[in-house]
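Peer 1: the sequence and its predicted three-dimensional model are supplied below.
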Amino acid sequence: MNGVTIERAHRMDGTGEYYFSRRLREIAEIEAATGRQIIKLAMGSPDLPPHPSVIERLSREAQRPDVHKYMSFKGEPVLRRAFAEWYSRWYGVELDWDSEVLPLIGSKEGIMHVCQTFVNPGDRILVPNPGYAAYKAAVRMTGGVMVPYSLNKANDFMPDFEAIEREGVEGIKLMFCNFPGMPTGQTPTRELFEKIVAFARKHNILVIHDNPYSFIRNHGKPMSILSVEGAREVAMEMNSLSKGHSMAGWRVGVIVGKKEWVDSILTFKSNMDTGMFYPIQAAAETALSLGQEWFDELNAVYYEREKQGCAILDALGCTYRPHQAGLFIWAEIPEDYPGDSYRYSEEVMEATDVFLTPGAMFGTEGERYVRITLCCPAEQLERAARRIRERWHR
């Protein structure tokens, strides 16, 4: 007997399986079939644990008998207050914890919530190229029209607003931006944020600034776009504990901004989930209270790993900019290499059993780039560099 035939929703058209989901599964199959052990320098999944006090708080709170019920759709006051205080202390941004702060089950969730809340079919959405693949997927699945804007060497990996205007801004409703940038590692300046705000005000565009990397390998002071005059009238900001507090699997993020926009997102979100486990929210409060010592210790590890990451790229003949922020190094493949980054990544893996992320997965501006993660022990990075020195000959 034949089963029913169900057509997939058209909103999924043009959206494939997440690259890392597919590629890492393929690599696992290769390892199982051949016995090869491939060093995967791919996803930015922190391998370091949170501060011990965060884990202790989680354990203590989880033993309470009254915390296993559904929690508030908008997040418990303990976490909303903590995020507001954190923004005040580190970014100099004052927020009303009760109306301008909305915790998220990870900021990746927030990207979809934003698009579901504000994007109508046919709305044009500015998306960075190269940029986080989740922006593109969320726009497509909500019926928006993706309008890429280039980030490259020529514009110092920052938006060229004149070029965007020449391409046409009619019908653009929303702009995603991300500084410090992923995958480029470019850090923001106050001038950049002022230009983004002025551009958004001029063209009546809502800016969504994604800001999870401001505490990782950032040689400057952490910055929020909301610290710029006038930003609250045109911008919201997402943030996360995944990177700067080594809590990726805990799924704790936030979106902050004007009350009416937060309320609109809450309307959608309240129909999607039933709140975050209270002990996680309480432990997040502890994480948000950590001081400079925590970030110094965390970055000491990443800066040491950066040395080994640079050794890998040097052995490959790649070039890269200094002082990149975040959990990765973004590097240009050799000028004389005849193919794109997908081919380059494949050839390096076949020759050395080291997997580098092809930059083209982030957009066409990444076709001549690769990205490596620093979310693995220095010893593993050293082993990768050794393999490449021994086996990579072009």
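Peer 2: Everything's here; your move.

Peer 1: alpha carbons only for contacts and neighbour counts from here, please
Peer 2: Will do.

Peer 1: how about M146, what does it touch?
Peer 2: 124-127, 136, 139-140 (C-alpha atoms under 8 Å, 6 or more residues apart in numbering).

Peer 1: following element in sequence after the lengthiest helix in the chain, please.
Peer 2: For the chain, the helix with the greatest residue count under DSSP state H is helix 292-316. Remark: after helix 292-316, the chain's next helix or strand is strand 319-320, criterion DSSP states H and E.

Peer 1: partner strands of that following strand, with direction?
Peer 2: Taking DSSP bridges as the criterion, strand 319-320 sits next to strand 328-332 (antiparallel) in its sheet.

Peer 1: what's in contact with the partner strand?
Peer 2: 44, 183-185, 306, 309-310, 313, 318-321, 324, 368-374.

Peer 1: again, but for stretch 207-222
Peer 2: Residues contacting stretch 207-222 (C-alpha under 8 Å, 6+ apart): 90-91, 174-181, 187, 197, 200, 223-225, 234-244, 295, 299, 302-303, 323-327.

Peer 1: filter those to the buried ones?
Peer 2: Neighbour counting by 16 or more other C-alpha atoms under 10 Å classes 91, 174-181, 187, 197, 200, 223-225, 234-244, 299, 302, 324-327 among the contacts of stretch 207-222 as buried.

Peer 1: from C318, how far out is Q308?
Peer 2: Applying C-alpha to C-alpha, to the nearest Å, the value for Q308 to C318 is 14 Å.

Peer 1: of these two, who's got more company?
Peer 2: Taking neighbours as other C-alpha atoms under 10 Å, Q308 and C318 compare with Q308 leading, 22 against 17.

Peer 1: wait, the more buried one sits on A378?
Peer 2: Yes. Using C-alpha atoms under 8 Å, Q308 makes contact with A378 at a distance of 6.6 Å.

Peer 1: next secondary structure element downstream of the lowest-mean-pLDDT helix or strand in the chain?
Peer 2: The weakest-scoring helix or strand in the chain, judged by mean pLDDT, DSSP states H and E, is helix 19-34 (a mean of 82). Sequence order places strand 39-41 as the next helix or strand after helix 19-34, per DSSP H and E.

Peer 1: packing partners of that following strand?
Peer 2: Counting contacts by 3 or more C-alpha pairs under 8 Å, 6 or more residues apart in numbering; DSSP states H and E, strand 39-41 packs against strand 354-358.
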